[in-house]
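>>> sequence and predicted structure are below.
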Protein chains: 4
Amino acid sequence: MKIDGRLQRSLKTKEKLLKAAEKVFIEQGYHNTTIKEINKEANIGHGTFYIHFPEGKDEILTYLMNNVMEEFYSVADIEFTPNSKENAFDVIREQVFHFISLAEKYKKMLMIFYEGIGVSSLLKEKWEDILNKFIDRIVKDIRYSQDQSLAKKQINPEVASRILLYSGERFLWEIVTNKNKLPISEIADNLTHVYMFGLYKGPND
Amino acid sequence: MKIDGRLQRSLKTKEKLLKAAEKVFIEQGYHNTTIKEINKEANIGHGTFYIHFPEGKDEILTYLMNNVMEEFYSVADIEFTPNSKENAFDVIREQVFHFISLAEKYKKMLMIFYEGIGVSSLLKEKWEDILNKFIDRIVKDIRYSQDQSLAKKQINPEVASRILLYSGERFLWEIVTNKNKLPISEIADNLTHVYMFGLYKGPND
Amino acid sequence: MKIDGRLQRSLKTKEKLLKAAEKVFIEQGYHNTTIKEINKEANIGHGTFYIHFPEGKDEILTYLMNNVMEEFYSVADIEFTPNSKENAFDVIREQVFHFISLAEKYKKMLMIFYEGIGVSSLLKEKWEDILNKFIDRIVKDIRYSQDQSLAKKQINPEVASRILLYSGERFLWEIVTNKNKLPISEIADNLTHVYMFGLYKGPND
Amino acid sequence: MKIDGRLQRSLKTKEKLLKAAEKVFIEQGYHNTTIKEINKEANIGHGTFYIHFPEGKDEILTYLMNNVMEEFYSVADIEFTPNSKENAFDVIREQVFHFISLAEKYKKMLMIFYEGIGVSSLLKEKWEDILNKFIDRIVKDIRYSQDQSLAKKQINPEVASRILLYSGERFLWEIVTNKNKLPISEIADNLTHVYMFGLYKGPND
DNA sequence: CATGAATGAGAGTTCATTCAT
DNA sequence: AATGAATGAACTCTCATTCAT
């Protein structure tokens, strides 16, 4: 009981800090956010912060990122065993769309992330983990399609996977930073098409 | 005479500052570089910096970027009037290769740029100018190829151009930040191929 | 029973704290030792420390000093009733040697003490108690020798005692702080000789 | 002219800081003195301190010590070429008296020094420099007297010199810390006597 | 008696920037 | 034009200490 009371108080404080941090980060951006400000927003003593997040600013930010991360991971985990080009197109298009859509859903947090990635190695790593997860997935998918003789064998899957992912990622950042003017579904369609069939006409196009 | 002497001294000082800044930026990275340190390296009084670069750190950095920028612009300026798919492939492949190669050539400065882009709106703009220049170019190229019936008309050039450019850009950053392990020419080949003809087999592949 | 159990737990905790404190003090020195660190080392809650040592750092240190103190006191307690100069020399020489040797024996704790004496009035007092005990003893000894007409009556015992003790003390600190390069027994011999017979020759030397 | 104006302002600020520091040190003691407080006392911006004393508290204290040091050094520099025991006594007695008297003269600053010596290696060194200077001097003096057959050859000058100096030093600290109750001139007389001729009677005493 | 979460004072630093010379 | 002394805002981080459980 005793322990539970304390633990609960502690968790509540941590929660308050996370909530405050989220607010401050979104309002001020990654760089202008200070621990001082978070504490003030949380109405909490200066030292308390370091009890919960001894590593400082980046640590609390990664906590905030966990939700977002989860969803990215679940997208990367989707199975892929196409039996035809049409089927492959649908699945890939869906994946791409889903991926890019997360930009809209988590715009605010991703904006912070974007700002912090250039600075914090912790954040950099976290994001690279996501990207690598996707690359692994896509490489596997390409190999599968190559085995099924759906995809060209002369293409290096390591490169091809990155073409899809890196394009997607960049579109995602464009959306996050409010630079994008193109409809998301058009991006997804075109990206999937070019990735799969190319921009130039074949003999039958 | 007197005025000329002053002018010359002024130019010399500016030159010293630029040289010092380059050294400090490369040694310390964008974020750890301070005006204090630049002044120290340049052996110049604290106040002098602000005479030449009243906007501070970012301003001097953009000066340093000018050379690099020039070369990117000159790559983007290359003409493109293909009369066949083979010809188009060669030209595009060459462009892509050239673009990515700049990563190696200007690695150090680009590293600073990369770090700063997330923070400095000045740098962000500069980089976006480059990207937009490329996008304009590529969009034009696509339209030309579509007019020539070399490229598929149902593809949105605004999207397609970005697929090529954004992939290329991301590969560029991978190289700059020493993350890339793939041979540059293989990247160029595969990227050009997928962009033009797609990953999946057509009826004749 | 219940009360006894509590008492025992309390004693055990105190013991743990003392052990931890000793370790931390010796490892970190007086100034860098923090209550936080002691608690961590003792695996004990933050508040517990203050139950046992409400005065803080210095209080626990004086506890740690008790053993050392005891031995100093026992040296100071040795009887002195010489009947000849030769006899006096042997006894004094032995005392001096013993005193200085404690430097080696309790080097680590004395080092802490030395660091703390300038700051903590508690420690200062403790050390002065030791010194005063010695001075009292030596003054008595001198008076005895003066009564026996072994020592010169024109010498002020209060000063003379301090010459012996203060020299010895300083040699002790030299040893504790690893500054001393002279053999201990040579120090004892010379100190005793000069103290008793002086550096300059008499008519018969 | 221009430079002179600036230099003068700078020197004035430094002077203000030193004056303020002296006041704060004496009022608060070594440990309770903070840079913040010195700045406040000097009515000077926070950053200014670090322009003049980048190493912090200890650096400014050593500046304050320089006057005191000078005088100690000049005492240690006095020549010593006695031709008789009487002459030697007078000179040594004078030295000892002078040395101990400095305790009274610079009581306040020495008090700070005393507190800081246990902590700051900078101060420790400074003080040891003084002591070593004295030891070197006294060792030379003893050797000279041994050569003149005034002093006993079996005594190790390294030890004997320390007996005199360490006793003197400890008396000095006693005075500085207001522990001493004995008249200074009596201390000097007795210390010189015991050091030279010993406490115990010779055949002719 | 023991705990450990919370506190908040406050020390030290660093820097961009100003401005009199 | 160049200087560099002075500024002071701000931030991080640590610790001893309290007190509800």
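Yep, that arrived.
>>> mind checking the longest helix of chain A?
Using DSSP state H to assign secondary structure, the helix with the most residues in chain A is helix A:2-32.
>>> helices or strands next to it in the packing?
helix A:35-42, helix A:48-52, helix A:57-76, helix A:107-117 (3 or more C-beta pairs under 8 Å, 6 or more residues apart in numbering or on different chains; DSSP states H and E). C-betas here are computed from N, CA, C, even on glycine.
>>> for DNA strand F, see how far away the residue most central in space within chain A is.
In chain A, the C-alpha closest to the average C-alpha coordinate belongs to A:Phe72, at a distance of 5.3 Å (C-alpha atoms, centre = their mean). Here the distance between A:Phe72 and DNA strand F works out to 28 Å (C-beta to the nearest atom of the strand, to the nearest Å).
>>> so who does A:Ala103 touch?
The neighbourhood of A:Ala103, defined by C-beta atoms under 8 Å, 6 or more residues apart in numbering or on different chains, consists of A:110, A:171-173, A:175-176.
>>> try 6 Å
Residues in contact with A:Ala103, defined by C-beta atoms under 6 Å, 6 or more residues apart in numbering or on different chains, are A:172, A:175-176.
>>> what angle sits between the helix or strand harbouring A:Phe134 and helix A:57-76?
Taking DSSP states H and E as the criterion, A:Phe134 maps to helix A:121-147. Comparing the axes of helix A:121-147 and helix A:57-76 via axes from the mean of the first three to the mean of the last three C-alpha atoms, to 10 degrees yields an angle of 10 degrees.
>>> for helix A:121-147, packing partners?
Secondary structure elements in contact with helix A:121-147, counted by 3 or more C-beta pairs under 6 Å, 6 or more residues apart in numbering or on different chains; DSSP states H and E, are helix A:57-76, helix A:107-117, helix A:157-176.
>>> could you measure the closest residue to A:Thr81 other than its chain neighbours against A:Glu79, distance?
In space, not counting the residues next to it along the chain, A:Thr81 is nearest to A:Tyr144; the distance is 6.6 Å by C-beta to C-beta, 6 or more residues apart in numbering or on different chains. Here the criterion is C-beta to C-beta, to the nearest Å. By it, A:Tyr144 lies 10 Å from A:Glu79.
>>> on that earlier part again, burial count for the closest residue in space to the residue nearest to the centre of chain A that isn't next to it in sequence?
By the measure of C-beta to C-beta, 6+ apart, the closest residue to A:Phe72 outside its immediate chain neighbours is A:Ile130, 4.9 Å from it. A:Ile130 is surrounded by 19 other residues when neighbours are defined as other C-beta atoms under 10 Å in any protein chain shown.
>>> A:Ile130 contacts A:Tyr73, correct?
No: under the criterion of C-beta atoms under 6 Å, A:Ile130 is not in contact with A:Tyr73, lying 7.1 Å apart.
>>> quick check on the residue of chain A found nearest DNA strand E: phi, psi?
For chain A and DNA strand E, the shortest gap (C-beta to the nearest atom of the strand) falls at A:Gly47, measuring 1.7 Å. Note on A:Gly47: backbone dihedrals following degrees, to the nearest 10 are phi -70, psi -20.
>>> what does chain A have sitting close to DNA strand E?
By the criterion of C-beta under 7 Å from any atom of the strand, the positions of chain A lying close to DNA strand E are A:6-7, A:9-10, A:12-13, A:44-48, A:51-52.
>>> at 10 Å instead, please
If contact is defined as C-beta under 10 Å from any atom of the strand, the residues of chain A in contact with DNA strand E are A:2-3, A:5-17, A:36, A:39, A:42-52.
>>> any quick PyMOL command for the buried ones out of these?
Buried residues among those (16 or more other C-beta atoms under 10 Å in any protein chain shown), as a PyMOL selection:
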select buried, chain A and resi 13+14+16+17+39+42+44+48+49+52
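>>> tell me where the model's unsure across chain A.
Low-confidence segments of chain A, defined by pLDDT under 70, span residues A:1-3, A:202-205.
>>> show me the domain layout of it.
By the record's domain assignment, chain A is partitioned as A:2-54, A:58-197 (automatic domain parsing).
>>> what sits against the nearest residue to A:Met111 once chain neighbours are set aside?
Nearest residue to A:Met111, sequence neighbours excluded (C-beta to C-beta, 6+ apart): A:Val176, at 5.4 Å. Contacts for A:Val176 (C-beta under 6 Å, 6+ apart) come out as A:103, A:107, A:110-111, A:114.
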